[in-house]
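In: Need the 3D shape of this:
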Amino acid sequence: MNRNWFFIFCFTCTSAFSQTLQLHYDIRHTIDPKRNTKNYPTLYFEYFKNYDSAKSFIKPGSFLLKMQADFTGKKNNMAQFYMQVSQTFKCWKPDFFLNLQYSGGLGVTDPKQYSFYITNTYSVGIAYPFRFGSAYMSSVLNYKYVAYAKPTNDFLYTLYWWKGLWNYKAEFAGDFSIWTENKNHGDDFTKDLHGKRFFFFAEPQFWYNLSKSFSAGTKLNTYYHVLITDNVLQIYPTIAVRWKL
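Out: Coordinates of the predicted model:
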C-alpha cells in the first residue's frame, strides 16, 4: 500500500492546502484473469496541508491524511479499507525533514471467516525534497516496524516525483518503494519460514487537466511480492478521474 505523502508535497509546493478525490477503475482481471477474479472501482481521498512554520522553533512541515476504499465485494460493496497519516517537521536549517507515519486497514472476504487486518505499520525517517531539472523529487529513507505477531523491523526507501507537461495541461507523477520484511510473521501460515523477503511497489500516474478542478488519467499499480509471494512482477492499470476539492 503505498504511501503518497511526499509526492503530494511536491506537486502542491505552491499551495498550503489541498484536497483531492479520485475514482479509479482497476482492470486487473482483464489484464491477469488467472490471479484476479474481477475488475473493480477504488475511491481515494487525500487531505494535504503544508504548514507555514517560519517563526516556530519546531517547524511542522507537510501533513497528509489518505484513505482508500476498494469495492471488491459482492455487487461492488466495499471490501477493503486503508488509511495513512503522516507528518513531517524539523528544527534545523538544512532542507531535510523528520518523517513520522502510520498506516493500517482491514479487509472483508467471502467467506467472512477469512477477513483480515492490514497490519499496523509505524515508520520514522528522513525526507529530502529536491529538484531534478523541471521535475520535483523527494527521497525518503524510513525505519519501518510492522506489528505482526512476530514483528519485523526493516528499512523502507521511497522516491517520489512530479512533473508538469505542456504548460501544466498534464502531470506525470508517482513513486516507487523498496523494502524487506521477515518471512515469518509468527502465525501458523508462516511459522516455518526463515529469512527476509524483498518487496517493490510503484504507482506512476498520468493526468490530463480538463479544467482547474477536474482531471482524467491513469495509474499503473505495480507489485512485486506485495500481493503474492510468487516471483512475479504484476502491473495493473486503472482508468481514473480526479477532482480537486
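In: Now do the strands in this structure.
Out: 17-26, 40-50, 59-70, 80-90, 97-107, 116-132, 135-146, 152-165, 170-182, 196-202, 205-209, 214-224, 233-244 (DSSP state E).
In: Of the ones you listed, which is nearest P33?
Out: With respect to P33, and counting by C-beta to C-beta, the nearest of the strands of the chain is strand 233-244 at 11.7 Å. Quick note: C-beta positions are derived from backbone N, CA and C, even for glycine.
In: which helices and strands does the closest one pack with?
Out: Packing partners of strand 233-244 (3 or more C-beta pairs under 8 Å, 6 or more residues apart in numbering; DSSP states H and E): strand 17-26, helix 28-31, strand 214-224.
In: May I see these organised as JSON lines, with mean pLDDT, mean neighbour count and distance to E181 added?
Out: Output for these, formatted as JSON lines (pLDDT from 0 to 100; neighbours: other C-beta atoms under 10 Å; distance: least, C-beta to C-beta, whole Å):
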{"stretch": "strand 17-26", "mean pLDDT": "92", "mean neighbour count": "17", "distance to E181": "24"}
{"stretch": "helix 28-31", "mean pLDDT": "97", "mean neighbour count": "16", "distance to E181": "23"}
{"stretch": "strand 214-224", "mean pLDDT": "97", "mean neighbour count": "18", "distance to E181": "13"}
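In: partners of the nearest residue to S177 once chain neighbours are set aside in the sheet?
Out: Distances taken as C-beta to C-beta, 6 or more residues apart in numbering place T158 nearest to S177, at 4.4 Å, with adjacent residues excluded. Beta-bridge pairing for T158 (DSSP bridges): V140, S177.
In: how near is T158 to P60?
Out: With the distance defined as C-beta to C-beta, to the nearest Å, T158 ends up 20 Å from P60.
In: okay, these two: which has more neighbours?
Out: Neighbours were counted for T158 and for P60 using other C-beta atoms under 10 Å; T158 has more, 26 against 16.
In: any weak-confidence spans in this protein?
Out: Applying pLDDT under 70 to the chain flags the ranges 1-17, 52-54.
In: beta partners of I126?
Out: Under the criterion used (DSSP bridges), I126 bridges to L98, L141.
In: Against T42, how distant is it?
Out: Taking C-beta to C-beta, one finds I126 at 30 Å from T42.
In: Same question for W207.
Out: From W207 over to T42 (counting by C-beta to C-beta), the distance is 16 Å.
In: Now do C91: how many residues are near it, please.
Out: 10.
In: re earlier: mind checking which of the strands of the chain is nearest K34?
Out: The nearest among these, by C-beta to C-beta, is strand 233-244 at 11.1 Å.
In: any idea which residue of this protein is furthest from its center?
Out: The C-alpha centroid of the chain is most remote from K55, which lies 31.3 Å away (C-alpha atoms, centre = their mean).
In: Next up, phi/psi of S213, please.
Out: Backbone torsions of S213, given as degrees, to the nearest 10, read phi -110, psi -10.
In: no no, D95
Out: phi -80, psi 60.
In: Wait, it touches P129, no?
Out: Yes - look at D95 against P129 with C-beta atoms under 8 Å: they come within range, at 6.6 Å.
In: who's more crowded, these two?
Out: P129 (20 against 10).
In: That one touches N99, doesn't it?
Out: No - here P129 lies out of contact with N99, judged by C-beta under 8 Å, at a distance of 11.3 Å.
In: Y145 is in contact with F155, correct?
Out: No - with contact defined as C-beta under 8 Å, F155 does not reach Y145; the gap is 11.1 Å.
In: Next one: G133 from G164, what distance?
Out: Applying C-beta to C-beta to G133 and G164 gives a distance of 12 Å.
In: If you count surrounding residues, which of those two has more?
Out: Ranked by neighbour count (other C-beta under 10 Å), G133 and G164 place G164 first, with 16 against 6.
In: ok, and the closest non-adjacent residue to that one?
Out: Using C-beta to C-beta, 6+ apart, the closest residue to G164 is E171 (5.9 Å).
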